[in-house]
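**Q** Here is a sequence together with a model predicted from it:
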Amino acid sequence: MELMSPDVLALPTVSEVLDLPVLRRGKPRVIAGASGLDGRVRWVHVAEIADIAALLSGGELVLTTGIALPEEPGELARYVDGLAAAGACGLVVELVRRWRDRVPGALVDAAHRHDLPLVTLSEETKFVSVTEAVVARIRDAQLAELRATHAIHETFTALTTSGAEPASVLREAARILERPVVLETMAHQVLAYDAAGQDPVALLSEWSERSRAVVQSGRTSYDPDHRWLTTVVGARGDDWGRLVVLGPEPAHRHVVVAERAASALAVNRLVTRDRESLERQTHRTLITELLAGSTATADLAARAAGLGVPLDGPLVGIAVRPHTTTTPAPALETQQALRDLAEATALAARKAKLPVLVGVVDDLTVHAVVALSGVDLDTALHRLAADIRRSAALPLVVAVGTAVGSISGARRTLTEAAQVAEAALHVDDGTRDFHRLDDVRLRGLLHLLRGDERLTAFAERELGPIRDNERLLDALRSLCRHGGNKSAAAAAAHLSRTAYYGQLARVEQLLGVSLDSPESLVSLHVALLAWDMHRD
């Protein structure tokens, strides 16, 4: 559908003009062409001559008393034919001077034939007052449209200059439009949306299929069958998405909002391109909500389905983590490495044709949820993990959680994968494509027993007076990780030997044990692992 210009949309309809007080006083009566009352009135033209059609340019509402119109029915019909051919939007006849009660049937029949509104006025009417009223109506409407457009431009300019995230842009667009707004990729996957108070599950249901049915015509277009206003997002030659506004036929204001929102999104993409892709941002948001144990599972499932990742079948959580080193990398380098690792994980999943959500949720790990419906679990995971390792530019630990049957178990498998990955950092020898819970030995055993009150009681009893002293816990933790080697533990803790040994002496004093005893150190190590799991 071709979208109307703002000037056209600001023009009153024939029906609105007839409702003006100056015309209501003339007691207007529509006697033909009622279906054309929605036509737009560009101008009001007063004319008494029969050959007026040549002087019209379209959109005129012609006012006449009829005193100079011909008598013959054929001539009257040709008069109306000429008005219709010239694009006139209506004919108003004052029944005072020429015809008293009704207009000739030839005029009525011709107006019916062209669906041209034919209106009679039974009272004398000042045509100049009609012209003034219509011009004022057009001027006021155009001024209001300009003010609204200016406010829209100011709003989205502020969003653009402030670097607003896509969610903020969509929220503002939905607020102004009072209609749902969805941002999708060119592959018809939902990146972000604002339901404007409607049911998000219904909004996103079978999104890809519905979206493919709406063909883009130009950069901005409206599909009346599906009631979708769509505009392309991106710079010309580098278009990457489409903004969809759902609702009835849009006014000019709706088009302006959609196009300005699309511009703000395009600028945001250019600014953040070197930081994180919009797809990763969207995936990260969903994974964060899954890890938080969100109760709105239907909403999460609908949003994930919009991204092409069904969460209604077997799911496996995956954690991909770079090997830590004794010399930490700068924070920006670490974040860039994780973003690269997330993209490598997503690419490996696409190659394996596995639907996946991939995101960087913290400063340590890339999290992923893989939908494994209809595939062999072990084969798919081995292929995926091997591909991730090959494509990454640094040593990795890949861990997987236990498969779960639905979205309700997603948090469990994601959390388990992250814990296995952390444990695997200390046991990985590079021979396994990925680690499971039963591959991480003592840490895996403690993880399985983490809900046992006896294990928690053991940890509390062993650590006793230092449980709430993080400085001493860190000192003991470092010693355990380095197998009782105090020099290596002091270096890892970035402390002088004197200061570190002093902390260990305080631990021994408070706990009443000797840290030189292998049995004591093992017991405390188990207690520390159990205590950390309990607190997490």
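**A** Ah, there it is.
**Q** Following the chain onward from the one helix or strand Ile287 maps to, which element is next?
**A** Secondary structure from DSSP states H and E places Ile287 in helix 278-291. Next helix or strand after helix 278-291 toward the C-terminus (DSSP H and E): helix 297-306.
**Q** just checking, what packs against that next one?
**A** Helix 297-306 makes packing contacts with strand 190-194, helix 200-204, helix 207-212, helix 278-291 when contacts are defined by 3 or more C-beta pairs under 8 Å, 6 or more residues apart in numbering; DSSP states H and E. Placement of C-beta: from N, CA and C, glycine included.
**Q** For the longest one, enumerate the helices and strands it packs against.
**A** Using 3+ C-beta pairs under 8 Å, 6+ apart, the elements in contact with helix 278-291 are strand 190-194, helix 252-272, helix 297-306, helix 331-351, strand 356-360, strand 366-371, helix 410-424.
**Q** what's the first-to-last distance across stretch 220-240?
**A** For stretch 220-240, the first-to-last residue distance is 15 Å (C-alpha to C-alpha, to the nearest Å).
**Q** Pull out the buried residues from that stretch.
**A** Across stretch 220-240, burial judged by 16 or more other C-beta atoms under 10 Å covers 220-223, 228-234, 240.
**Q** Out of those, flag the one nearest to Gly317.
**A** Trp240 (28.8 Å; C-beta to C-beta).
**Q** re the thing from before, need the helices and strands packed on helix 297-306 in TSV (columns: distance to Leu511).
**A** Formatted as TSV, these follow (distance: least, C-beta to C-beta, whole Å):
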stretch	distance to Leu511
strand 190-194	53
helix 200-204	54
helix 207-212	59
helix 278-291	35
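**Q** right, and these - which one's nearest Thr64?
**A** So among the helices and strands packed on helix 297-306, helix 207-212 is nearest, using C-beta to C-beta, at 50.7 Å.
**Q** ok, longest helix in this structure?
**A** The longest helix of the chain (DSSP state H) is helix 127-161.
**Q** can you tell me which of the buried residues of stretch 220-240 are in strands?
**A** 220-223, 228-234, 240 (DSSP state E).
**Q** Dump those residues to a markdown table, plus pLDDT.
**A** Converted to a markdown table, these look like this (pLDDT from 0 to 100):
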| residue | pLDDT |
| --- | --- |
| Thr220 | 92 |
| Ser221 | 93 |
| Tyr222 | 93 |
| Asp223 | 93 |
| Trp228 | 95 |
| Leu229 | 95 |
| Thr230 | 95 |
| Thr231 | 94 |
| Val232 | 92 |
| Val233 | 91 |
| Gly234 | 86 |
| Trp240 | 86 |
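**Q** tell me which residues of the helix or strand that Leu455 is a member of are tucked away?
**A** Here Leu455 sits within helix 453-463, counting by DSSP H and E. Residues of helix 453-463 classed as buried by neighbour count (16+ other C-beta under 10 Å): 455-456, 458-459, 462-463.
**Q** likewise stretch 52-70?
**A** So, applying 16+ other C-beta under 10 Å, buried residues of stretch 52-70: 52-53, 56, 59-66, 69.
**Q** could you dump those residues to JSON lines with distance to Gly401?
**A** Output for the buried residues of stretch 52-70, formatted as JSON lines (distance: C-beta to C-beta, whole Å):
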{"residue": "Ile52", "distance to Gly401": "81"}
{"residue": "Ala53", "distance to Gly401": "78"}
{"residue": "Leu56", "distance to Gly401": "75"}
{"residue": "Gly59", "distance to Gly401": "67"}
{"residue": "Glu60", "distance to Gly401": "73"}
{"residue": "Leu61", "distance to Gly401": "72"}
{"residue": "Val62", "distance to Gly401": "77"}
{"residue": "Leu63", "distance to Gly401": "78"}
{"residue": "Thr64", "distance to Gly401": "82"}
{"residue": "Thr65", "distance to Gly401": "86"}
{"residue": "Gly66", "distance to Gly401": "86"}
{"residue": "Leu69", "distance to Gly401": "86"}
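**Q** Just give me the closest of those residues to Ile318.
**A** Of all the buried residues of stretch 52-70, Ile318 sits closest to Gly59, with 63.2 Å by C-beta to C-beta.
**Q** Got phi/psi on that closest one?
**A** phi 90, psi 10 (degrees, to the nearest 10).
**Q** In this structure it contacts Val44, no?
**A** No. Counting by C-beta atoms under 8 Å, Gly59 stays clear of Val44, with 10.1 Å between them.
**Q** Find the centremost residue of the chain, please.
**A** Ala192 (1.4 Å; C-alpha atoms, centre = their mean).
**Q** Provide a list of residues in contact with that residue.
**A** Residues in contact with Ala192 (C-beta atoms under 8 Å, 6 or more residues apart in numbering) are 166-167, 170, 182-183, 278, 282.
**Q** Tell me which other helices or strands the helix holding Leu455 touches.
**A** helix 518-535.
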